[in-house]
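1. pasted the sequence and its predicted model underneath.
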Amino acid sequence: MDEQNLVTAQENASLAADKVKRVIPNYLLEKEGRLVEWYGRLKGNPRTKLLMLYGFIDEIYKAVSVLTPCKKGCTSCCHIPVSISEVEIEVIERGTGTRRNKNISHPSNYHGRPCPFLLNNACSIYTHRPFVCRRHVVLTKTSHWCNPNLANTAKFPLLKFSEVERVFQAILWEAKAKPMDIRQAFGN
C-alpha cells in the first residue's frame, strides 16, 4: 500500500480516537475515572475481580464498537501474540471446561500462528477471552492493517483506558501472575 493510503488510514484512526469519549456514555467515563477506588472496595479472589473488570470493559467496548471494523469473522488479531496470566487461564478453564496443557511449552514467536481457540473463523471462548483480546480494538476504517503481515509495520492510535489498565495490573499483582502466550497454555 502506498504512503498516501497509510497516511489516510492513520488520519482516519486519529479521528476515530477523538470520537471515543463522545460515544461512551458519561456514566461509564465517570466509573472508569473511579475504577481504582472501586477495585479497592471489591471483595473476593483475583478471578472474581477479573470477571467484574471484564464486565466493565465489555460495557465500554460495546459503546466503542461503532468506531471499529472489528466484527465476528475478522480473525487477523487471532494470529498475533496473546499474553495471558494464571488468573486468566483459570477463567478460561472454569468457563469452558478446557484444560491447560500439563507441560507448558517454552516461549516462542507466536506472531502469525492462530490462537488455539480460533474455530471456524470465530473465537470459541469469546465470553471468557483474555484481557488483551478484550482491549484490542482498532480504530482504522478497515481491518487491512490488522493482517499479521502488516501488523506492527505502522503506528496507529490505540484505545486505552488508564484506570482499566491499573486495575488489571493490580489483579495480576494480587494473583502473583506471570504472563505467557495463550498458545503456551492451551496450544498443541
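-> On my side now, so go ahead.

2. after the longest helix belonging to the chain, heading C-terminal, what element do we hit next?
-> With secondary structure taken from DSSP state H, the chain has its longest helix at helix 3-23. Helices and strands here follow DSSP states H and E; after helix 3-23, the next one along the chain is helix 26-33.

3. how far off centre is that next one?
-> Remark: helix 26-33 is offset 19 Å from the chain centroid, using C-alpha atoms, centre = their mean, to the nearest Å.

4. buried set for it?
-> For helix 26-33, the neighbour count (16 or more other C-beta atoms under 10 Å) marks residue 32 as buried. Every residue, glycine included, has its C-beta placed from N, CA and C.

5. pull the CA atoms of it into CSV?
-> Coordinates of each C-alpha in helix 26-33 appear next as CSV, following Å, rounded to 0.1, in the frame of the first residue of the first chain:
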residue,chain,number,x,y,z
ASN,A,26,-20.9,9.7,30.7
TYR,A,27,-21.7,7.3,33.5
LEU,A,28,-19.1,4.8,32.1
LEU,A,29,-16.5,7.5,31.7
GLU,A,30,-17.1,8.6,35.3
LYS,A,31,-16.9,5.0,36.5
GLU,A,32,-13.6,4.5,34.6
GLY,A,33,-12.3,7.5,36.4
